[in-house]
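just the structure for this:
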Amino acid sequence: DTIPPQFTSFQFVPGRKLHIRDLLPVGSTTSSTIWMPYESATPNAVRENDGSVPTTFALEQNYPNPFNPSTTIRYALPNSAKVRLMIYDLLGREIATLVNEEQSAGWKEVEWNASAFSSGIYFYKIHANNFNETKKMVLMK
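Take a look at the predicted model:
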């Protein structure tokens with residue numbers, strides 16, 4: 001099913017509140033908060049995706065971006081690797097480590113809940129074997 005263009009899109013995220021305004025036409029001022037049931041997940045748990053094995057290492061742009069308060073980071077491992085995925089603030093200080101473990105080949109994704117952090121620009125960086133890449137994301141509260 002597709003969402004009609006007059007509606008905003010949304011994602012179901014573990015432990016995240018879904019705002020009724022996310023389901024109303026764009027421009028509506030009505031707002032309420034409800035809890036939606038969702039399969040429980042460990043914070044920052046790495047989720048396996050479709051089971052296909054990529055041919056190269058990759059770090060995709062987080063989604064949603066900008067985000068509030070959580071975002072998903074997806075990456076590809078063509079073979080097993082020691083993976084380290086970190087979050088940095090604008091001053092280059094490491095503020096979180098989302099992944100620090102040996103992982104098998106495949107597409108992976110991890111959620112970062114930034115509810116304890118202030119609005120601003122953040123960077124996420126992956127180290128996997130000899131692959132290193134950094135991308136920018138925006139937290140808007």
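
low-confidence ranges, the protein, go.
Counting by pLDDT under 70, the ranges of the chain that qualify are 1-51.

can you pull out the strands in it?
17-19, 33-35, 47-48, 58-59, 70-77, 81-88, 94-103, 106-113, 120-128, 131-139 (DSSP state E).

save the ones you listed as JSON lines, and put in mean neighbour count too.
Every residue, glycine included, has its C-beta placed from N, CA and C. JSON lines is the format used below for those (neighbours: other C-beta atoms under 10 Å):
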{"stretch": "strand 17-19", "mean neighbour count": "14"}
{"stretch": "strand 33-35", "mean neighbour count": "9"}
{"stretch": "strand 47-48", "mean neighbour count": "12"}
{"stretch": "strand 58-59", "mean neighbour count": "18"}
{"stretch": "strand 70-77", "mean neighbour count": "21"}
{"stretch": "strand 81-88", "mean neighbour count": "18"}
{"stretch": "strand 94-103", "mean neighbour count": "14"}
{"stretch": "strand 106-113", "mean neighbour count": "19"}
{"stretch": "strand 120-128", "mean neighbour count": "18"}
{"stretch": "strand 131-139", "mean neighbour count": "15"}
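
wait, doesn't Asn62 sit right on Thr71?
Yes. Using C-beta atoms under 8 Å as the test, Asn62 is close enough to Thr71 to be in contact (4.5 Å).

which neighbours do those two share?
Trp112, Met137 (C-beta atoms under 8 Å, 6 or more residues apart in numbering).

what's next to stretch 84-94, contact-wise?
73, 75, 95-100, 110, 112, 120-128.

please redo it, this time with the cut-off set to 7 Å
73, 95-100, 110, 112, 120-127 (C-beta atoms under 7 Å, 6 or more residues apart in numbering).
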